[in-house]
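Enquirer: Predicted coordinates and the sequence they were generated for:
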There are 2 protein chains.
Amino acid sequence: MSKGANGGGNEGLLRQLHLRRVPEGIAGPQDFEVRTGPIPRTGEGEVLVEAHYLSVDAALRLIVRDSEEFLFRVRPGDLVRGSVAGKVIESNHASYQAGEYVLGGLGLQSHALSNGEGLEKCDLSQAPLGAWLGGFGVSGLTAYFAITEECKPQPGQTVLVNGAAGAVGSIAGQIARLAGARVIGLTSSAEKCRWLTETLGYHAAINYTEGDLYERLAEAAPDRIDVIFDNVGGSVLDESLRLIAMRGVVLLCGSTSQYAAEAMTGPNNYIWLGTMRARMQGFVIFDYADRYAEARSRMARWIQSGDLKLVEHVIDGDVGDFPLAFEKLYRGANRGKMLLRLPAASN
Amino acid sequence: MSKGANGGGNEGLLRQLHLRRVPEGIAGPQDFEVRTGPIPRTGEGEVLVEAHYLSVDAALRLIVRDSEEFLFRVRPGDLVRGSVAGKVIESNHASYQAGEYVLGGLGLQSHALSNGEGLEKCDLSQAPLGAWLGGFGVSGLTAYFAITEECKPQPGQTVLVNGAAGAVGSIAGQIARLAGARVIGLTSSAEKCRWLTETLGYHAAINYTEGDLYERLAEAAPDRIDVIFDNVGGSVLDESLRLIAMRGVVLLCGSTSQYAAEAMTGPNNYIWLGTMRARMQGFVIFDYADRYAEARSRMARWIQSGDLKLVEHVIDGDVGDFPLAFEKLYRGANRGKMLLRLPAASN
């Protein structure tokens, strides 16, 4: 296992990723800095979590923008927000014991104190720890509720997943297939297209970086598109909108193509929503928080039967390698959920 | 009554408005031509309708575009499509008698043959003939079903009507008020703002051509906006989207600001739909065709009690004056539904 560029020799220290400056374009190593210090000790009612996996999320690019418009914001100098899965190594909290595995929005750091708020226990008999940040975590739950409760594709309908090979898309396409829909994936390379059809069971896949996207979509979806599951925004969303079916649904689950743009660009073809009596709607997974257990137990059965594959793209490294992993995510290098696995995971 | 620029002396002839060329910018007189000929005679199963009112619709600009994207298209040389209300003056059709009043999509012409398909009888005891093309016709029915069935504002909620003084907006705002909502109107002059609040009962009105629209909207809607009823599109829709409330509805009823644009521009702030779990949806009145009578009887009661005002902006002229009326509509000169009243209406 690689220790990563910034990992070696620091394992006994707290390592934290701070924002150095507001990024321009895709955020990269120059925009972040690692700060080290002593590992903190738990106070009354606190637990100390040793991070094993850091979640590499596209939405991070949104919260480091120089804008007050979004729910969370990370400013230069701040610890970077992010989800973490790891082990409780010290507990002064009645509900947690040392040795238990947990996840939470603990920030991009090697160790974190928590008073238990927002912390969730990870049962490794259900899924390995990394999956709790991916297909068994928020990404998978997002895909599950978005498809089963918001989009509700009917057998024989056509579902398009924009960003089909990503953390959420890779699960959403499979769940739509399990609902009986014909599933088309859009992704950024021929090699990922093959992976979608051969490994994840997509019925068709299109590399949107080549050729005339509208024509290729129209060919793949001769009966138009009943559900557009969109992670991407931009021209990919725009071209797909021209093919929305009567009373179709466009589910907005993200707009990764826009997070780094100076000004966001909306879908010019939104007028098709009118003609086709379709709806474009937002969705936030936290609204389903009281049903996560139900979703996980159904997903666990699909995993066991081989109907659903959870896919993680794991990069080994330390906290300081996070910006490189983030750049890779933005360049579309990942298949499934991207995770940074810290040295502590192998101890 | 003015005979209009092209009216005098032609009353015994058929006058038809044809498209001369694909317009650039707002369509104007140079883009159309009047053709005259003998008034046709009815064949078996046909009625001859003498047009009294031509409906001046913003959507006309959309169907004369050089594009195959829309449901209907009018090409250079074609008779221009449009809705007409008039009198049956000759009938060889079992269901119609001379002297009855009807409306239908008969095209912009002084006389039209019809086999009865798509023709609707107008009961003048319910509303005057002009209103059957406006508040008692498609515009009013659109407003009625959009508000009562699609948007469903709750008492105390905030409803924003973009294009509030127009044919549909002027009714939609009143119906939202009757549902108990707080109604804000956006329109293009201070004088129309006064009309909205003083005559139509809007709670507030904003002239979107002055000042910072977002700031003025935010001030008028301190609890954000539960329903955006949009006729306009463009920057007006875009700025309002930033204020959409949690689980809000954006109803797309038209996008007049975009019909003449070379390329349409979508709402860049669509990302707010995601954050706010809101939906932006299309709607087509024809889906409610079997409930028009129900809507009209409820609207008739509101009109009688003084709760609802139907407003028509009538211009007198002949078929050839239509392009000038259309230009006026596009410049926002109208209050309520714009109609061209032909000389035959006064005979």
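Expert: On my side now, so go ahead.
Enquirer: buried sites along the top helix by length along chain A?
Expert: Using DSSP state H, we find that the single longest helix of chain A is helix A:292-305. Within helix A:292-305, the residues scored as buried using 16 or more other CB atoms under 10 Å in any protein chain shown are A:292, A:295-296, A:299, A:302-303. For the C-beta atoms, the positions are set from N, CA and C on the backbone; glycine is no exception.
Enquirer: residues in chain A within reach of chain B, list them.
Expert: A:69-71, A:233, A:238, A:242, A:252-255, A:258, A:263-284, A:287 (CB under 8 Å from any CB of the partner chain).
Enquirer: Which strands or helices does the longest helix of chain A pack on?
Expert: Judged by 3 or more CB pairs under 8 Å, 6 or more residues apart in numbering or on different chains; DSSP states H and E, helix A:292-305 is in contact with helix A:138-145.
Enquirer: how about the CA coordinates for the helix it packs on, as PDB?
Expert: The C-alpha trace of helix A:138-145 is given here as PDB (Å, rounded to 0.1, in the frame of the first residue of the first chain):
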ATOM      1  CA  VAL A 138     -25.500   8.500   1.100                       C
ATOM      2  CA  SER A 139     -24.700   7.800  -2.600                       C
ATOM      3  CA  GLY A 140     -26.600   4.500  -2.600                       C
ATOM      4  CA  LEU A 141     -29.500   5.700  -0.500                       C
ATOM      5  CA  THR A 142     -29.800   8.700  -2.800                       C
ATOM      6  CA  ALA A 143     -30.000   6.400  -5.800                       C
ATOM      7  CA  TYR A 144     -32.500   4.200  -4.000                       C
ATOM      8  CA  PHE A 145     -35.000   6.800  -2.900                       C
END
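Enquirer: Could I get the buried residue list for it?
Expert: Residues of helix A:138-145 classed as buried: A:138-145 (neighbour count, 16+ other CB under 10 Å).
Enquirer: Now for those: which two are most distant?
Expert: For those, the maximum inter-member distance is 11.6 Å, found between A:139 and A:145 (CB to CB).
Enquirer: Touching stretch A:306-316 from outside, list them.
Expert: The contact list for stretch A:306-316 (CB atoms under 8 Å, 6 or more residues apart in numbering or on different chains) reads A:1-2, A:4, A:56, A:127, A:130-131, A:134-136, A:140, A:170-171, A:174-175, A:178, A:199-200, A:299, A:302-303, A:321, A:325, A:328, A:333-341.
Enquirer: Just to be sure, which of those residues are found in helices?
Expert: A:140, A:170-171, A:174-175, A:178, A:299, A:302-303, A:325, A:328.
Enquirer: could you measure residue A:117 against chain B, distance?
Expert: Per CB to the nearest CB, to the nearest Å, residue A:117 is found 22 Å from chain B.
Enquirer: secondary structure class for that residue?
Expert: coil (DSSP: H, G, I helix; E, B strand; the rest coil).
Enquirer: burial measure for it, as a count.
Expert: Other residues near residue A:117 number 7, with proximity taken as other CB atoms under 10 Å in any protein chain shown.
Enquirer: Now do it against residue B:30, distance only.
Expert: Applying CB to CB, to the nearest Å, the value for residue A:117 to residue B:30 is 69 Å.
Enquirer: With residue A:127 instead?
Expert: Distance of residue A:127 to residue B:30, given as CB to CB: 69 Å.
Enquirer: So for these two, which residue has more residues nearby?
Expert: Using other CB under 10 Å, the more surrounded residue of residue A:127 and residue B:30 is residue A:127, with 20 against 11.
Enquirer: what residues are up against the nearest residue to that one once chain neighbours are set aside?
Expert: Once flanking residues are discounted, residue A:127 sits nearest to residue A:136: 4.0 Å by CB to CB, 6 or more residues apart in numbering or on different chains. Each residue near residue A:136 by CB under 8 Å, 6+ apart is listed here: A:126-127, A:296, A:299, A:310.
Enquirer: Among these, which one sits closest to residue B:15?
Expert: For the contacts of residue A:136, the closest approach to residue B:15 (CB to CB) belongs to residue A:299, at 68.1 Å.
Enquirer: Was I right to think residue A:36 contacts residue A:13?
Expert: Yes: counting by CB atoms under 8 Å, residue A:13 is a contact partner of residue A:36 at 4.6 Å.
Enquirer: domain ranges for chain A?
Expert: A:14-134+A:311-346, A:138-285 (automatic domain parsing).
Enquirer: May I have the helix or strand harbouring residue A:273 exported as PDB, CA atoms only?
Expert: Assigning secondary structure by DSSP states H and E places residue A:273 in helix A:271-275. Coordinates of each C-alpha in helix A:271-275 appear next as PDB, following Å, rounded to 0.1, in the frame of the first residue of the first chain:
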ATOM      1  CA  ILE A 271     -39.300  24.700 -22.600                       C
ATOM      2  CA  TRP A 272     -39.700  21.000 -23.500                       C
ATOM      3  CA  LEU A 273     -41.000  20.500 -20.000                       C
ATOM      4  CA  GLY A 274     -44.000  22.600 -21.000                       C
ATOM      5  CA  THR A 275     -44.800  20.800 -24.300                       C
END
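Enquirer: Now do residue A:191: how many residues are near it, please.
Expert: Residues near residue A:191, counting by other CB under 10 Å, number 11.
Enquirer: go on, residue A:234?
Expert: With other CB under 10 Å as criterion, residue A:234 counts 18.
Enquirer: give the contact list for it.
Expert: A:255, A:257-258, A:265.
Enquirer: so which of these comes closest to residue B:43?
Expert: For the contacts of residue A:234, the nearest to residue B:43 is residue A:265 (54.1 Å; CB to CB).
Enquirer: For the nearest residue to the closest one once chain neighbours are set aside, which residues are in contact?
Expert: Spatial nearest neighbour of residue A:265, excluding adjacent residues (CB to CB, 6+ apart): residue B:268 at 5.8 Å. Taking CB under 8 Å, 6+ apart as the contact definition, residue B:268 lies against A:263-266, B:238.
Enquirer: and with 10 Å instead?
Expert: A:258, A:261, A:263-268, B:235, B:238, B:241-242 (CB atoms under 10 Å, 6 or more residues apart in numbering or on different chains).
Enquirer: buried stuff in the least confident helix or strand in chain A by mean pLDDT?
Expert: Within chain A, confidence by mean pLDDT, DSSP states H and E is lowest for helix A:60-63 among all helices and strands, at a mean of 82. Buried residues in helix A:60-63, counting neighbours by 16+ other CB under 10 Å, are found at A:60-63.
Enquirer: what does that helix rub up against?
Expert: With CB under 10 Å, 6+ apart as the test, helix A:60-63 has contacts from A:19, A:23, A:25-27, A:57, A:69-75, A:78, A:80-82, A:108, A:254-256, A:258-261, A:264, A:322-323, A:326, A:329-330, B:271.
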